[in-house]
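Engineer: here is a sequence together with a model predicted from it:
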Amino acid sequence: MYDKAQIQALQQTTKQFLATPLSIDLTTLKKVLQFHEYQYYVVNESLISDYEYDQLYQALLAIEASDPSCITPDSPSQRVGNSLNSNFETVPHLVPMLSLENSYNAEDLIDFDRKARESANLDAITYCVEPKFDGASISLIYENDLLIRACTRGDGVEGEDITNNIKQIRSIPLQIPLAANGIQQIEIRGEVIMTKKAFDDFNEKLKSKNQSPLANPRNAASGSLRMKDPKEVAERNLDAFIYHVSYILPIPGKTVNPLLKTHGGSLDFLWNMGFRSPQKEKQVVTKMQDVIDYCAIAATGRDELPYEIDGLVVKVNDLALQEKLGMTSHHPRWAIAYKFKARQATTVLEHVEFQVGRTGAVTPVAKLKPVAIGGVTVSSISIHNEEYIIEKDLLLGDTVIIERAGDVIPQIVHSIASLRTGNEKKIQFPTHCPVCATALVKESTEAVWRCTNINCSAQIVERIAHFVSKDAMDIKNLGEANIKKFFELGLLKAIPGIYTLDFEKIGQLEGFGQKSVDNLTSSIEVSKQQPLHRLIYALGIRFVGETTAKTIASRINHLLDLTRITEEQLLEFEDIGVKVASSIVQFFHDPNQLNMIESLMQLGLNVEQTTHQATDGSLTGLNFLFTGTLTQLKRSDAEAMVEAKGGHILSGVSSKLNYLIVGEDAGSKLEKAKKIASIKIMTEAEFIDLVNSDSTS
């Protein structure tokens, strides 16, 4: 429908309108919105984020509200939905599937409540609040207890018939007891989703077949519904939440289930019918402030859910009142969607910097045109390595979609090849270290290029930063910015230099008063007594993480014991393989590293194992591993409970593992553990019972 030149022109206009709203003209704005609706609903490749689309749509509504005479029949505001895909038979909805009005803050919700109360002439309204699932909308019709049709949202009036595909979703029953509830025919609405775990598992399958991974769970779910082979749909392990009853045809002379008088009751009804409804997730409240509070709680907890949500839906609970409030041509007046802060945005990859880490790994970092996403402004994103750049098909000058989920580091989802102008350039990976000019080396088993010069200034700074970090020696007040400043001024040249800093000179620097100097001095002095496992981790030995450092420390009495230990002996340690053992031996036979350790010893750092793991507890000799999100305990506290009773923490699944404790949204470790019969898989609650008991039977 759109050729490349048209796509680029419309996308350029989109950027202009978003950057300078005052430049918007109505005719062009309508064309821009129609274009993006086509991209989203038909092509299934959105070129802008939902938030950016909403901004443009709200601009359209504002223009038309200020001058109703400019409203035309072809305006996006004058139809319910969007385009249909000609590959499927088109069927009508019994009741139109309307969009919801969007809100992004508490003020919008308060205004919605005010309008609803004024229209209903009521002092207060009861609302039902539920998750806004980030998937693909569907409509189901059951008649005489049987599922007779399923279709997509389509344009809101008509949708695509996808009945055979929907039958592959196990959480959608093929038969429900309608007659027993006084109902002959019912139309219900919901959302098809792919859980985070199902999405990750399916992408792993694609990668194993050398196929491109899917962009996100929503696109995966939406694309699945339009597949021609139902067997392929079944392989994607889709799920569905059903959350709305749109139409009921009663059986003459029969009484309809009274639960269907309220929206909250209808969710209970759907749950009782065998659907997965948000019956447990919903909140029925009588004050808008309670709605606002629930929105805040849900926004902070969304990443702990096993599926994606992008907001909450607030609905008037009383269905008779819903009928009274009615609807506009676009959305109902009795519901509003509270959208979380945007997680995706489009921007431009302007250039790439190559940064050198503490182990010499050279990491490309994409420098982006700054864009606001998820409450922060993003201008830099790691693009990992040369293979990642090729896989994502990234070029300098590309328009890219970026994503930020909660506290997760932002990432590039994909580039938008259709917007390329021909002026984009290939990203050239360096052959020499960008800091010290040493030739880069790439091992056959790795994806990264490395600088092998141990005296490379970038590596030194990063090694110092790792040494002082929270999980290592935990030297507060010595962050990376100060480390770089001290290094550039010649005040700090190596890790041992931390303990010989010239505090008199530091005190003369801008921003360093006496209190700052005293705090830094104290923090450095206290770090000398950190336990041995922290020092081992702080040394920055390749492949040695916190758990492995604890394992090593528990098997030695003195740090220098590692200068006499062999790879074969290390392989007898729990959870240490050939790669880790080789790295440890290499580190403790490197003269440069031994000189550093000797300096640290002379400076008074603790290099002895002063605390030993319990050897007579109820968990002695047993190996544990945690996966997923724990809801009652912090991961570190749970691990400490194991160690206090003589148990050991492993870093991965193997035949040595005895117990895998599974939290919410467990990933690949659970699947691996299921394949090893000797591993006992338990919940967090079962684990708590275990450590509180005297028996491990």
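Structural biologist: That came through, no problem.
Engineer: which residues of the stretch 301-450 of the chain fall in strands?
Structural biologist: Secondary structure of the stretch 301-450 of the chain by DSSP state E, counting those that start in this stretch: the strands cover 309-316, 335-339, 344-356, 361-373, 376-382, 395-396, 399-403, 411-415, 425-426, 440-441, 449-451.
Engineer: the host helix or strand of residue 114 vs strand 335-339, what angle?
Structural biologist: In this assignment (DSSP states H and E), residue 114 forms part of helix 106-120. Angle, helix 106-120 to strand 335-339, by axes from the mean of the first three to the mean of the last three Cα atoms, to 10 degrees: 180 degrees.
Engineer: as CSV, the strands of the stretch 301-450 of the chain with mean neighbour count would be great.
Structural biologist: (Glycine included, C-beta is placed from N, CA and C.) Listed next are the strands of the stretch 301-450 of the chain as CSV, based on neighbours: other Cβ atoms under 10 Å:
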stretch, mean neighbour count
strand 309-316, 24
strand 335-339, 23
strand 344-356, 18
strand 361-373, 18
strand 376-382, 15
strand 395-396, 17
strand 399-403, 22
strand 411-415, 18
strand 425-426, 10
strand 440-441, 16
strand 449-451, 22
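Engineer: now the ones you listed as JSON lines including mean pLDDT and distance to residue 263?
Structural biologist: Shown next, in JSON lines, are the strands of the stretch 301-450 of the chain (pLDDT from 0 to 100; distance: least, Cβ to Cβ, whole Å):
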{"stretch": "strand 309-316", "mean pLDDT": "94", "distance to residue 263": "5"}
{"stretch": "strand 335-339", "mean pLDDT": "94", "distance to residue 263": "9"}
{"stretch": "strand 344-356", "mean pLDDT": "94", "distance to residue 263": "30"}
{"stretch": "strand 361-373", "mean pLDDT": "92", "distance to residue 263": "32"}
{"stretch": "strand 376-382", "mean pLDDT": "89", "distance to residue 263": "35"}
{"stretch": "strand 395-396", "mean pLDDT": "96", "distance to residue 263": "49"}
{"stretch": "strand 399-403", "mean pLDDT": "90", "distance to residue 263": "32"}
{"stretch": "strand 411-415", "mean pLDDT": "89", "distance to residue 263": "34"}
{"stretch": "strand 425-426", "mean pLDDT": "96", "distance to residue 263": "54"}
{"stretch": "strand 440-441", "mean pLDDT": "96", "distance to residue 263": "61"}
{"stretch": "strand 449-451", "mean pLDDT": "95", "distance to residue 263": "57"}
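Engineer: pipe those into a markdown table and attach distance to residue 3 per row.
Structural biologist: As requested, these are exported to a markdown table (distance: least, Cβ to Cβ, whole Å):
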| stretch | distance to residue 3 |
| --- | --- |
| strand 309-316 | 32 |
| strand 335-339 | 33 |
| strand 344-356 | 20 |
| strand 361-373 | 26 |
| strand 376-382 | 31 |
| strand 395-396 | 21 |
| strand 399-403 | 17 |
| strand 411-415 | 19 |
| strand 425-426 | 24 |
| strand 440-441 | 42 |
| strand 449-451 | 40 |
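Engineer: now for the ones you listed, which one comes closest to residue 49?
Structural biologist: strand 344-356 (4.3 Å; Cβ to Cβ).
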